[in-house]
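S.K.: Quick check, what structure comes out for this input:
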Amino acid sequence: MKQIISTTQAPAAIGAYSQAVVANGMLFASGQLGIDPATGDFAGADFRSQAEQAVKNVAAILAAADTDASHVVKTTVFLTDMANFAVLNEVYSTLFSAPFPARSAVAVAALPKGGLVEIEVLAVLD
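M.R.: Numbers count the residues shown, from 1 in each chain. Got it, this is the predicted structure:
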């Protein structure tokens, strides 16, 4: 059986998907852009602002599932420009601390709505 996770503290889905799904003791969160859930707009035009908001959105989804970043085992980060990798690491470290989850960082040609970064997570629930 699966449970759908949804919160107004993260942006509503902009397509045919759920913010997150819990199944078999695992949380599978959809990628989070740097969209402010209160406005529906990007938190800023720059990479840091969008990354900070994406991290906040991930944290909100984890909280809605009654868990936190310490339970995340894998993340995937999509960036439109690898030149932002150092900033990503700074912002990423505001949510995740050692021991860090496994992570992939992938350069992509484009993201939905023209975003600069998207972060998805997998977490093991207690």
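
S.K.: what's the burial count for Ala54?
M.R.: Counted with other C-beta atoms under 10 Å, the neighbours of Ala54 add up to 31. Quick note: C-beta positions are derived from backbone N, CA and C, even for glycine.

S.K.: Which stretches in this structure count as helices?
M.R.: Ranges of helices in the chain, per DSSP state H, are 47-64, 85-92.

S.K.: Single out the most deeply packed of these.
M.R.: A comparison of the helices of the chain by mean neighbour count, using mean count of other C-beta atoms under 10 Å, puts helix 47-64 on top with a mean of 22.

S.K.: Mind giving me the packing neighbours of that one?
M.R.: Contacts defined by 3 or more C-beta pairs under 8 Å, 6 or more residues apart in numbering; DSSP states H and E place helix 47-64 against strand 26-32, helix 85-92, strand 117-124.

S.K.: how about these in a markdown table, adding distance to Gln50 and mean pLDDT?
M.R.: Below are those laid out as a markdown table (distance: least, C-beta to C-beta, whole Å; pLDDT from 0 to 100):
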| stretch | distance to Gln50 | mean pLDDT |
| --- | --- | --- |
| strand 26-32 | 10 | 98 |
| helix 85-92 | 9 | 98 |
| strand 117-124 | 5 | 98 |
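
S.K.: now the ones you listed as TSV including distance to Ser70?
M.R.: Below are these laid out as TSV (distance: least, C-beta to C-beta, whole Å):
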stretch	distance to Ser70
strand 26-32	13
helix 85-92	14
strand 117-124	9
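
S.K.: Ala65: which of the ones you listed is closest?
M.R.: strand 26-32 (5.2 Å; C-beta to C-beta).

S.K.: Can you mark which positions in the closest one are buried?
M.R.: Residues Leu27, Phe28, Ala29, Ser30, Gly31, Gln32 are the ones in strand 26-32 that count as buried (16 or more other C-beta atoms under 10 Å).
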